[in-house]
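Engineer: build the 3D model from these lines:
(chains A and B)
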Amino acid sequence: QQQVKQSPQSLIVQKGGIPIINCAYENTAFDYFPWYQQFPGKGPALLIAIRPDVSEKKEGRFTISFNKSAKQFSLHIMDSQPGDSATYFCAASSITQGGKLIFGQGTELSVKP
Amino acid sequence: NAGVTQTPKFRVLKTGQSMTLLCAQDMNHEYMYWYRQDPGMGLRLIHYSVGEGTTAKGEVPDGYNVSRLKKQNFLLGLESAAPSQTSVYFCASSYVPGSHYEQYFGPGTRLTVT
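Structural biologist: Numbers count the residues shown, from 1 in each chain, chains lettered A, B, ... in the order given. Model (predicted):
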């Protein structure tokens, strides 16, 4: 059972475009929603995270939008650059359920120059 | 600070062989994790440890064993490798997951079982 569903599986945008990656979850006990960025041959690294008491969080060019009633959250990358080309994973966890991260399937983003 | 390191980086096994993957962290983190990454499936938790001497099963524990004899090390063992265990394995650590602290990942081990 996939508790966190991520789409699209792959995404190609031009430099300066705004790629959007979406995630949906089922478990209403989730209370922490991070995004991880992974470059080829490397381990994932935390990019940005949000808690359900806010609807949006920005860090530089990266924004998380969160819709608690729809149980969905998304990552927007403003003014995307070729250096943003990577695989992005959404995840979710619940303190009451041990805090273990449940990852989405991943989105391979390619930003063309 | 090396962070989280994993050895080996690559390994090829024949079906039925055994091996141990080593994860080490120098951040004095309490919690450590082993994940496997397969195309289209994200990262799935195999086993984890909440402290020295303790281990627990994750989402996909079958065919794997783990040990945490020292706080800084977390070992993942495959007793009898199967082709279905061909994957990229990542180790991660965090300070205290109960507070949703960031998980730090190692560079991964690419394992092929033929």
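
Engineer: local confidence estimate at residue 78?
Structural biologist: Answering for chain A, as no chain was given. Predicted confidence (pLDDT) for A:Met78: 97.

Engineer: um, chain B though
Structural biologist: For B:Leu78, pLDDT reads 96.

Engineer: give me the neighbour count for it.
Structural biologist: 20 (other Cβ atoms under 10 Å in any protein chain shown). Where C-beta positions appear, they are placed from N, C-alpha and C, glycine not excepted.

Engineer: that one and B:Gly40: what is the separation?
Structural biologist: Note on B:Leu78: its distance to B:Gly40, by Cβ to Cβ, to the nearest Å, is 22 Å.

Engineer: surely A:Leu109 is in contact with A:Tyr88?
Structural biologist: Yes: with contact defined as Cβ atoms under 8 Å, A:Leu109 counts as touching A:Tyr88 (6.0 Å).

Engineer: strands of the chain, residue ranges please.
Structural biologist: Just so you know, I chose chain A. Secondary structure of chain A, counting by DSSP state E: strands at A:4-7, A:10-14, A:20-25, A:33-38, A:45-50, A:56-59, A:62-67, A:72-77, A:86-92, A:102-103, A:107-112.

Engineer: I was after chain B.
Structural biologist: Counting by DSSP E, the strands of chain B are B:4-7, B:10-13, B:19-25, B:31-38, B:42-51, B:54-57, B:65-67, B:73-78, B:87-94, B:104-105, B:109-113.

Engineer: partners of the spatially most central residue of chain B in the sheet?
Structural biologist: In chain B, the centroid-proximal residue (Cα atoms, centre = their mean) is B:Trp34; its distance is 2.7 Å. Under DSSP bridges, the beta-bridge partners of B:Trp34 are B:His47, B:Cys91.

Engineer: check it and give its pLDDT.
Structural biologist: Per-residue pLDDT puts B:Trp34 at 97.

Engineer: doesn't A:Gln105 make contact with A:Thr87?
Structural biologist: No: checked against Cβ under 8 Å, the pair A:Thr87 and A:Gln105 is beyond contact range at 10.1 Å.

Engineer: buried sites along stretch A:20-33?
Structural biologist: A:Ile21, A:Asn22, A:Cys23, A:Ala24, A:Tyr25, A:Phe30, A:Asp31, A:Tyr32, A:Phe33 (16 or more other Cβ atoms under 10 Å in any protein chain shown).

Engineer: now do that stretch: everything it contacts.
Structural biologist: Outside stretch A:20-33, the residues that touch it by Cβ atoms under 8 Å, 6 or more residues apart in numbering or on different chains are A:3-8, A:11, A:49-52, A:64, A:66, A:70-76, A:88, A:90-97, A:99, A:102, A:104, A:107, A:109, B:100.

Engineer: got the CA positions of it in CSV?
Structural biologist: Coordinates of each C-alpha in stretch A:20-33 appear next as CSV, following Å, rounded to 0.1, in the frame of the first residue of the first chain:
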residue,chain,number,x,y,z
ILE,A,20,5.4,21.6,-10.1
ILE,A,21,5.5,18.2,-8.4
ASN,A,22,2.5,16.9,-6.6
CYS,A,23,2.0,14.5,-3.8
ALA,A,24,-1.1,13.0,-2.1
TYR,A,25,-1.3,11.1,1.1
GLU,A,26,-4.0,9.1,2.9
ASN,A,27,-2.9,8.9,6.5
THR,A,28,-4.3,11.9,8.4
ALA,A,29,-1.9,11.2,11.3
PHE,A,30,1.0,12.5,9.1
ASP,A,31,2.3,15.8,10.6
TYR,A,32,5.6,16.5,8.8
PHE,A,33,6.1,16.7,5.0
